[in-house]
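K.L.:
Return a 3D structure for these sequence lines:
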Amino acid sequence: MGEGKIRVLVAKPGLDGHDRGAKVIARALRDAGMEVIYTGLRQTPEMIAEAALQEDVDAVGLSILSGAHMALVPRVLELLRKQGQGKVSLFLGGIIPEEDIPVLKEMGVTAIYGPGTSTQVVAETIRQAVEQQSA
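P.N.:
Numbering: from 1, shown residues only. Coordinates of the predicted model:
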């Protein structure tokens, strides 16, 4: 990472059309001094992984409200690893049932944020994870 800003890709995978939370997080991360690339709605896992590679990001944040997290997240993780981006931290926000959280973390998700999570907490955990990855 060095002296550069932390680069974060924020994406809305799947068919969920509600992106207010993703936009709030993108703005909060920018306000925290990070460089944010927001890909917009209805992204496929392939589109997300390719954008992460092209943008050379340190972290990827997915916002999922549709309930498709157990299908989308493993695919994004698989593609990131396949492209040699295994050190890219993956964060997840949205409506995630409690019983799925340990499974997602075991797969490799760095942190999961539910509704009402402070944007300061999100920014700080991303910053910590990226600093640990680059150490």
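
K.L.:
which stretches of the protein have low pLDDT?
P.N.:
1-3 (pLDDT under 70).

K.L.:
so is the residue nearest the centre of it in a helix, a strand, or just coil?
P.N.:
Nearest residue to the geometric centre of the chain (CA atoms, centre = their mean): Gly61, 1.3 Å. The three-state assignment at Gly61 reads strand, by DSSP: H, G, I helix; E, B strand; the rest coil.

K.L.:
contacting residues for it?
P.N.:
Listed by CB atoms under 8 Å, 6 or more residues apart in numbering, the contact set of Gly61 reads 8-11, 22, 25, 29, 90-93, 126. Every C-beta, even on glycine, is put in place using the N, C-alpha and C of the backbone.

K.L.:
Which of the helices or strands spans Val10?
P.N.:
strand 7-11 (DSSP states H and E).

K.L.:
Show me which residues of the next helix or strand along the chain from that strand are buried.
P.N.:
Following strand 7-11 in sequence order, the next helix or strand is helix 20-31 (DSSP H and E). Neighbour-count burial for helix 20-31, with 16 or more other CB atoms under 10 Å as criterion, is recorded at 21-22, 25-26, 28-29.

K.L.:
hey, where'd the strands end up in this protein?
P.N.:
7-11, 35-38, 59-64, 89-94, 109-113 (DSSP state E).

K.L.:
Residues in contact with the first one: which ones?
P.N.:
What it means is strand 7-11. By CB under 8 Å, 6+ apart, the list of residues contacting strand 7-11 reads 22, 25-26, 29, 34-39, 43, 47-48, 51-52, 55-63, 126.

K.L.:
buried subset of the residues you listed?
P.N.:
22, 25-26, 29, 34, 36-39, 43, 47-48, 51-52, 57-63, 126.
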